[in-house]
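Peer 1: next one to model:
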Amino acid sequence: MTEVEEATAGRNSAVAASLRTGDGWVFCKGIKADDRQAFMHRNEAAVNPFLPKDVAPRLLWQVDTDGWLLLGFEHVPGQHADFSPGSSDLPMVADAVRVITMTDAPSDLSAKREMGKQWAAALDGELSLEVPDDAHAWSKKNAATVAEWARRAPAYMDGSTLIHFDLNPFNFLVADKARVVDWAWWRTGAPWIDVAQVAVRLIAAGHPPSDAEAWAEQLDAFRTADPDGITAYSASLVRMWERKFAGTEATEGARSWFEYRLGNC
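Peer 2: Modelled structure (predicted):
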């Protein structure tokens, strides 16, 4: 190894850096093997051979020794995606998401990763609690409506498609095309889910909900989805995120989107 460049983003690895070796650059991420987050690295290593090659960097090596788990990935150039209105990155983001929506999840790894079942379990716990005190005033006033719609979401989320499930701007690297990284939360489910993940982040980045949906509707997976499923999913994000990330741009994006969709039901 002759040079190290530490990553400027990412929160789930103790080590995250680009390394220049005698064979060229490689991206390394790692964590203590007994850390409670180590399962994320193992998930990512397991699914990597099944990811679309034009979209996801290849896993080159895995080292599990001396109490550390280290993953070495193909190094890809690029900057994190700009999701703001007018960004030239958005067509490339659409191309990458389109490929993901057309990729089957690996059947031999998917038995315990069904999106519908996992989202239902998470929602059951959330909906048994009171709306958090720091939730938006609109969410408190409309708590029953949010809960009613959110409860429906899992019924629309099952499927056999590969789902990244964390498609925020930091998980896209854009140069001549967009690549998608950090697959630790992958699931198997309905193909529209990842498109919806980007749509809510577009709203968070300043797009009106109508414009975010116009972007999403260029993708068949979203355009052909049951509208009630998308509305229910946006409600479930409001309920889940207002407890975990109250007041953030992403949470406000989800609330704005659900409010918009209610007005068009």
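
Peer 1: check which helices and strands the helix or strand bottoming out on mean pLDDT in the chain sits against.
Peer 2: Within the chain, confidence by mean pLDDT, DSSP states H and E is lowest for strand 3-6 among all helices and strands, at a mean of 74. Packing contacts for strand 3-6, counted by 3 or more C-beta pairs under 8 Å, 6 or more residues apart in numbering; DSSP states H and E, involve strand 15-21. No exception for glycine: its C-beta is placed from N, CA and C like everyone else's.

Peer 1: rounded mean pLDDT for the strand it packs on, please.
Peer 2: The predicted model assigns strand 15-21 a mean pLDDT of 89.

Peer 1: got it, and stretch 159-174?
Peer 2: Average pLDDT, stretch 159-174: 97.

Peer 1: now do the strands in the chain.
Peer 2: Taking DSSP state E as the criterion, the chain carries its strands at 3-6, 15-21, 24-32, 59-65, 68-74, 79-80, 161-163, 172-174, 178-180, 187-189.

Peer 1: out of those, the one nearest D133 is which?
Peer 2: Closest approach to D133 among the strands of the chain is made by strand 187-189 (30.8 Å; C-beta to C-beta).

Peer 1: now the strands of the chain as JSON lines including mean neighbour count?
Peer 2: As requested, those are exported to JSON lines (neighbours: other C-beta atoms under 10 Å):
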{"stretch": "strand 3-6", "mean neighbour count": "10"}
{"stretch": "strand 15-21", "mean neighbour count": "15"}
{"stretch": "strand 24-32", "mean neighbour count": "18"}
{"stretch": "strand 59-65", "mean neighbour count": "14"}
{"stretch": "strand 68-74", "mean neighbour count": "19"}
{"stretch": "strand 79-80", "mean neighbour count": "14"}
{"stretch": "strand 161-163", "mean neighbour count": "25"}
{"stretch": "strand 172-174", "mean neighbour count": "22"}
{"stretch": "strand 178-180", "mean neighbour count": "21"}
{"stretch": "strand 187-189", "mean neighbour count": "24"}
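
Peer 1: now these in CSV, with distance to P132?
Peer 2: Converted to CSV, those look like this (distance: least, C-beta to C-beta, whole Å):
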stretch, distance to P132
strand 3-6, 35
strand 15-21, 31
strand 24-32, 30
strand 59-65, 38
strand 68-74, 35
strand 79-80, 30
strand 161-163, 27
strand 172-174, 30
strand 178-180, 31
strand 187-189, 25
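
Peer 1: circling back to that earlier point, mind listing the strands the least confident helix or strand of the chain pairs with, and their directions?
Peer 2: When pairing is defined by DSSP bridges, strand 3-6 lines up against strand 15-21 (antiparallel).

Peer 1: send the alpha carbons of the strand it pairs with over as CSV?
Peer 2: Listed in CSV are the C-alpha atoms of strand 15-21, where the atom choice follows Å, rounded to 0.1, in the frame of the first residue of the first chain:
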residue,chain,number,x,y,z
VAL,A,15,-12.5,1.9,8.6
ALA,A,16,-13.5,3.4,5.2
ALA,A,17,-10.7,4.5,2.8
SER,A,18,-9.4,4.3,-0.7
LEU,A,19,-6.1,2.5,-0.8
ARG,A,20,-3.5,2.7,-3.6
THR,A,21,-1.7,-0.6,-3.9
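
Peer 1: got the angle for that strand vs strand 24-32?
Peer 2: 150 degrees (axes from the mean of the first three to the mean of the last three C-alpha atoms, to 10 degrees).

Peer 1: picking up where we left off before, between the strands of the chain, which one is nearest to S110?
Peer 2: Closest approach to S110 among those is made by strand 187-189 (4.2 Å; C-beta to C-beta).

Peer 1: out of the strands of the chain, nearest to G116?
Peer 2: Closest approach to G116 among the strands of the chain (C-beta to C-beta): strand 187-189, 6.7 Å.

Peer 1: quick one: mean pLDDT for the closest one?
Peer 2: Strand 187-189 shows a mean pLDDT of 96.

Peer 1: what of stretch 206-215?
Peer 2: For stretch 206-215, mean pLDDT rounds to 98.
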